[in-house]
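Asker: Here is my input; please provide its structure:
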Amino acid sequence: MPQPFDRYDAQLTSPGLVILEMDAEDRQDATRQLAERLAAEGRIVDLDAFLADVESREHQMATGLPGGIGLPHARSEQVTRPSIAVGVAKYGRAVDFGALDGPAYVVLLIATPASSFSEHLEVLATMARSLSKAGFRESLRRANDPDIIAELVNSALVFGD
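Answerer: Predicted coordinates for the structure are as follows:
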């Protein structure tokens, strides 16, 4: 059963959900690597079913954002609590998520329970607003510590407005 959502104490990510120097072949590989982190922390219950939900969403519209960001996301029955896994691409290994300005250097996989439509939109909109700021994107890209990246992402939901 999904846990209640409190944006001020959401703890959307943790250092264990961050991959530094991510080396992915393509967007599916990047998404799988991040989803595996979610599964390892018990935030999703069925990895393959969740990946199918993400892929279904990807077919609707590309999830690349300007500034080198990939933002795959899905509401899914497989998700136990709203979560974000973050991958920072290894140098020279950016991943194409369909953004007009080029590949993604930072990928944030947003996973929310299927029943949490409003929470999904809140998390997605808040992260998109934060990611529209060059300073925030650069902070994520340049941080070399999973603790710092987790704090940046978790703080964005609280202070993103």
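Asker: how far away is the closest residue to T112 other than its chain neighbours from S132?
Answerer: If the residues on either side of it in the chain are set aside, T112 comes closest to H120, at 4.1 Å by Cβ to Cβ, 6 or more residues apart in numbering. For glycine as for every other residue, the C-beta is placed from the backbone atoms N, C-alpha and C. From H120 over to S132 the distance is 19 Å, taken as Cβ to Cβ, to the nearest Å.
Asker: more neighbours, the two?
Answerer: H120 (22 against 13; other Cβ atoms under 10 Å).
Asker: The more buried one is in contact with H73, isn't it?
Answerer: Yes - between H120 and H73 there is a contact under Cβ atoms under 8 Å: 7.5 Å.
Asker: What lies in contact with stretch 87-104?
Answerer: 18-24, 26-27, 29-30, 33-34, 62-72, 105-109, 140-141, 143, 149 (Cβ atoms under 8 Å, 6 or more residues apart in numbering).
Asker: try 6 Å
Answerer: Stretch 87-104 has contacts (Cβ atoms under 6 Å, 6 or more residues apart in numbering) with 19-24, 27, 30, 34, 62-66, 68-70, 105-107.
Asker: Next: stretch 57-75.
Answerer: Contacts for stretch 57-75 (Cβ under 6 Å, 6+ apart): 31, 53-54, 95, 97-99, 101, 104-110, 112, 114, 120, 124, 131, 137.
Asker: and with 8 Å instead?
Answerer: Stretch 57-75 has contacts (Cβ under 8 Å, 6+ apart) with 27, 30-31, 34, 50, 53-54, 56, 94-114, 116-117, 120, 124, 127-128, 131-132, 134, 137, 141.
Asker: so of the contacts of stretch 87-104, which ones are in helices?
Answerer: 27, 30, 34 (DSSP state H).
Asker: hmm, back to that, mutual contacts of H120 and H73, please.
Answerer: 110, 112.
Asker: returning to that earlier point: CSV please, covering the ones in helices among the contacts of stretch 87-104 and showing pLDDT and neighbour count.
Answerer: Below are the ones in helices among the contacts of stretch 87-104 laid out as CSV (pLDDT from 0 to 100; neighbours: other Cβ atoms under 10 Å):
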residue, pLDDT, neighbour count
R27, 95, 23
A30, 97, 27
L34, 98, 28
